[in-house]
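Participant: Predicted coordinates and the sequence they were generated for:
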Amino acid sequence: MIDVDYYVDINQYLSLFHPIVMYTMSPTKVSTVGEKSETAFYIEGDEVCNFVSGGATYKHPIWDYETDHLAVTDRTNNLCMYTVESRRCELNDQYKIVWLLPRARVQGSRWLFSPWKVLFEIKKVERKLYTSGGVTLVFDIINNTVCVKSLDSVHQIMLDATLYSSIVIRASKKDDPLISDVERILLSQYPDKGRKQATLDAALLIDALSKLPKPTVTTSSMGPTSHFQSLGPLATEDGEERGQRVTEPLIDAPSVIPKNSYNNDVAMVQSRITNVRNEKTIPPEFYKYKGEFMQLLVPADVCHSVVPFDLDEVERRQDKPLQRARSAQVKSTASLNASNKNKSFIKTEPYAGTNAPRPITTMSAEHTMVLSTITLAFCDQVMKRVPWYMPGKSTREVASRIKEHSDKPFITSDYSRFDGHCSKDLAQLAKACIGRALQTKDRTTFSNLFEKTYCKKAVTSNGYVYLALDGTRSGSPTTSVGNTIIDAFIAFVALRELGVPSKKAFNSITIVCGDDALLQSIAGLLPMYELVATKLGMSLEAREIPYGEPVPFAGRYFVDPSLSTTAMAQ
């Protein structure tokens, strides 16, 4: 038989128990359209559509000879058994020569009623199936390749079968797979194809994937929320989702949460640390203000008087479960010469849109506990005496302080990436303030601990090694107090530049908590505030809050500070 077996019942021919040799079509592709040949075909459903130059067209199914044996019954129920041999044609690899060779014929009475009947299996030739769920596919198990197209397309994509399976799995995990996602993966696996071919293949492949049946998903009010991940450097990374939705969102576009992944670690370091590096020094014209600020923050009666707490006091104050576990781990072996390693992880928090994730830098447990003996004592004996110092204060206490200054409009600070923008000079300012308050014998210990906090080598939770530079270490014991001192210093310098006397400028600062600050508005303060921040290498956008309007501070709105202490979350 030459190219005709598709139109006959081949099982009837097998029942005659004669050898059969066939030249028959056995596609290794789902389409040859576009290959510039005299003939072309594509598979539509489970039938092959052939086109010949000149106008002839043929459409037929394909018999599946991908086996090593066959067994059929004749009209008298004799079992006719064949072996199957095949060779692919060298001149046209879409065709095979198939030999169906008779091997044995068992009389019906001997196998139908035999106790070994189960050993005699009827195995007829079946029609080849190419299409499932709207996708037409030919899989070459020897070469591990796959040719695929959508049911209503005539153009195919050929790619590695493992890669195809990976793309299908990824697409099934997304509600709406994007062409760009597939294109990026194709480019990473086949760089020699070029972007043009990857662009074409990605569009065809995403069309095919869209035809795959979607799994039935039972929804509930609790479940995963939307996450995002940077596109590089790993092309195929699937990050870990950390957020969870506890109720249906009230808006169409709820916040998104960064995935915990190597790609996001790289984006976090580049955007939050490397790209915002601040190498500016405090200008000489601000040296006088620096001295005044330190003397007002740590006056003569407090200078060299602060005594560090003991470890028992630190353990008593840090009573959260993780803090208690840390204390129990290192308390008995804690040393003033404790070593330190900086490790960072992505802060799991919602963003209005995709943005570089924020890092949290952790210190070694022993280093954290020993340094806390100094920072907690300094905050207790120095910072809590300052009226504008707000860390650790309740919402009612913050509101009461705002109310005391609510007779004028406010200026609120909005720093961009405060931790990353902090320079070495600004960090040394915070160090100098704490050192000025400590007893002389403790200053060397504090200096060593402070320098270890700012060790340069760091690693993320997913193994990305980077230089931590000079920015604030967000998980260190000095973070809150250090950022508050730096923020207050910038506000103090702005007031002094406007001619406000030093003591009045120091007391005119309304409230400061880390990178959040609130000042009473005076003529020229807003542009001066931003100018001073710029000279110090910080990125600040200050704005004025008119009298009577809600005042934003530290993630809350204080609704009407002049009349009440009512506050609400932003």
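Facilitator: In hand now; what should we look at? Numbering: from 1, shown residues only.
Participant: contacts, neighbours, all on C-alpha from now
Facilitator: Fine.
Participant: Beta-bridge partners for residue 99, please?
Facilitator: Note on residue 99: beta-bridge partners residue 21, residue 85, judged by DSSP bridges.
Participant: For residue 97, give me the pLDDT.
Facilitator: On pLDDT, residue 97 comes in at 95.
Participant: out of everything not next to it in sequence, what's closest to it?
Facilitator: Excluding the flanking residues, the one nearest residue 97 by Cα to Cα, 6 or more residues apart in numbering is residue 23, at 4.7 Å.
Participant: Same check on residue 4?
Facilitator: That would be residue 24: by Cα to Cα, 6+ apart, it lies 7.4 Å from residue 4.
Participant: if I look at that neighbour, how far off is residue 18?
Facilitator: The spacing between residue 24 and residue 18, counted by Cα to Cα, to the nearest Å, is 18 Å.
Participant: So between these two, which is more surrounded?
Facilitator: residue 24 (22 against 14; other Cα atoms under 10 Å).
Participant: Check the secondary structure at the more buried one for me.
Facilitator: Secondary structure assignment for residue 24 (DSSP: H, G, I helix; E, B strand; the rest coil): strand.
Participant: doesn't residue 97 make contact with it?
Facilitator: Yes - the criterion here is Cα atoms under 8 Å, and residue 24 meets it with residue 97 at 6.4 Å.
Participant: So residue 407 sits against residue 546, correct?
Facilitator: No - with contacts counted by Cα under 8 Å, residue 407 stays clear of residue 546, the gap being 10.6 Å.
Participant: Against residue 299, how distant is residue 175?
Facilitator: Counting by Cα to Cα, the gap from residue 175 to residue 299 is 62 Å.
Participant: ok, the two, which is more surrounded?
Facilitator: Using other Cα under 10 Å as the criterion, residue 175 and residue 299 rank with residue 299 on top: 15 against 8.
Participant: Dihedrals phi and psi, that one?
Facilitator: Backbone torsions for residue 299, taken as degrees, to the nearest 10, come to phi -70, psi 170.
Participant: what pLDDT does it get?
Facilitator: 93.
Participant: how about stretch 47-55: buried residues?
Facilitator: 47-51 (16 or more other Cα atoms under 10 Å).
Participant: Would you indicate which residues of stretch 123-137 are buried?
Facilitator: Residues of stretch 123-137 classed as buried: 124-125, 129-131, 134-137 (neighbour count, 16+ other Cα under 10 Å).
Participant: contact partners of that stretch?
Facilitator: Stretch 123-137 has contacts (Cα atoms under 8 Å, 6 or more residues apart in numbering) with 10-11, 30, 43-46, 61-65, 69-72, 138, 146-151, 208-209, 211-213.
Participant: Filter the residues you listed down to the buried ones and hand me the ChimeraX line.
Facilitator: Those of the contacts of stretch 123-137 that count as buried under 16+ other Cα under 10 Å are selected in ChimeraX with:
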select :11,30,43,44,45,46,61,62,63,65,69,70,71,72,138,146,147,148,149,150,151,208,209,211,212
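Participant: Which of the contacts of stretch 123-137 fall in strands?
Facilitator: 43-44, 61, 63-64, 69-72, 138, 146-150 (DSSP state E).
Participant: Report the lowest-confidence entry in these.
Facilitator: Out of these, that is residue 150, at 85.
Participant: Now that residue. Nearest residue, chain neighbours left out?
Facilitator: Using Cα to Cα, 6+ apart, the nearest residue to residue 150 is residue 208, at 4.2 Å.
Participant: Residue 59 now?
Facilitator: Excluding its sequence neighbours, the residue lying closest to residue 59 (Cα to Cα, 6+ apart) is residue 49, at 4.5 Å.
Participant: and what of residue 344?
Facilitator: With Cα to Cα, 6+ apart, the residue lying closest to residue 344 is residue 361, at 4.1 Å.
Participant: Remind me which helix or strand that neighbour belongs to.
Facilitator: Under the criterion of DSSP states H and E, residue 361 resides in strand 359-362.
Participant: for the record, mean pLDDT for the longest helix that the chain contains?
Facilitator: When the chain is scanned for its longest helix (criterion: DSSP state H), the result is helix 479-497. For helix 479-497, mean pLDDT is 94.
Participant: Quick check: what element follows it along the chain?
Facilitator: helix 502-508.
Participant: Show me which residues of stretch 21-30 are buried.
Facilitator: For stretch 21-30, by 16+ other Cα under 10 Å, it's 22-30.
Participant: cool, and stretch 110-117?
Facilitator: Within stretch 110-117, the residues scored as buried using 16+ other Cα under 10 Å are 111-112.
Participant: what's the spacing between the residue nearest to residue 97 and residue 53?
Facilitator: Residue 23 is 21 Å from residue 53, by Cα to Cα.
Participant: What of residue 311?
Facilitator: Relative to residue 53, and taking Cα to Cα, residue 311 is found at 90 Å.
Participant: distance between the ends of stretch 400-408?
Facilitator: Across stretch 400-408, first to last residue, Cα to Cα, it's 15 Å.
Participant: List the buried residues in that stretch.
Facilitator: Buried residues in stretch 400-408 (16+ other Cα under 10 Å): 400-403, 405-406.
Participant: and what of stretch 268-277?
Facilitator: 268-269, 271-274, 276-277.
Participant: Give me the neighbour count for residue 240.
Facilitator: So residue 240, with other Cα under 10 Å, has 13 neighbours.
Participant: Grab the nearest non-local neighbour of it.
Facilitator: residue 260 (4.9 Å).
Participant: same question, residue 57
Facilitator: residue 51 (4.7 Å).
Participant: and the one you found, what is it in contact with?
Facilitator: 39-41, 57-58.
Participant: Buried subset of these as a ChimeraX selection?
Facilitator: Remark: buried members of those, expressed as a ChimeraX selection using 16+ other Cα under 10 Å:
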select :40,41
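Participant: Specify which member of the contacts of residue 51 is nearest to residue 305.
Facilitator: Within the contacts of residue 51, the smallest distance to residue 305 is 90.7 Å, found for residue 41 (Cα to Cα).
Participant: contacting residues for that closest one?
Facilitator: So residue 41 contacts 31-33, 48-51 (Cα under 8 Å, 6+ apart).
Participant: Redo the residues you listed as TSV? Include secondary structure, pLDDT and distance to residue 538.
Facilitator: Putting the contacts of residue 41 into TSV (DSSP: H, G, I helix; E, B strand; the rest coil; pLDDT from 0 to 100; distance: Cα to Cα, whole Å) gives the following:
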residue	secondary structure	pLDDT	distance to residue 538
31	strand	89	60
32	coil	88	61
33	coil	87	61
48	strand	92	68
49	strand	92	68
50	strand	90	70
51	strand	89	70
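Participant: of all the residues you listed, which comes closest to residue 556?
Facilitator: residue 31 (61.9 Å).
Participant: In contact with that closest one, which residues are there?
Facilitator: Applying Cα under 8 Å, 6+ apart, the residues near residue 31 are 40-43, 154-156.
Participant: same check, this time on residue 313
Facilitator: Counted by Cα under 8 Å, 6+ apart, residue 313 has contacts residue 373.
Participant: Secondary structure class of it, three-state.
Facilitator: Residue 313 is classified as helix under three-state DSSP.
Participant: Heading C-terminal from the strand holding residue 361, find the next helix or strand.
Facilitator: helix 365-381.
Participant: chain center to whichever helix or strand comes after that following helix: distance?
Facilitator: Downstream of helix 365-381, the next assigned helix or strand under DSSP H and E is helix 395-404. Offset of helix 395-404 from its chain centre (Cα atoms, centre = their mean, to the nearest Å): 39 Å.
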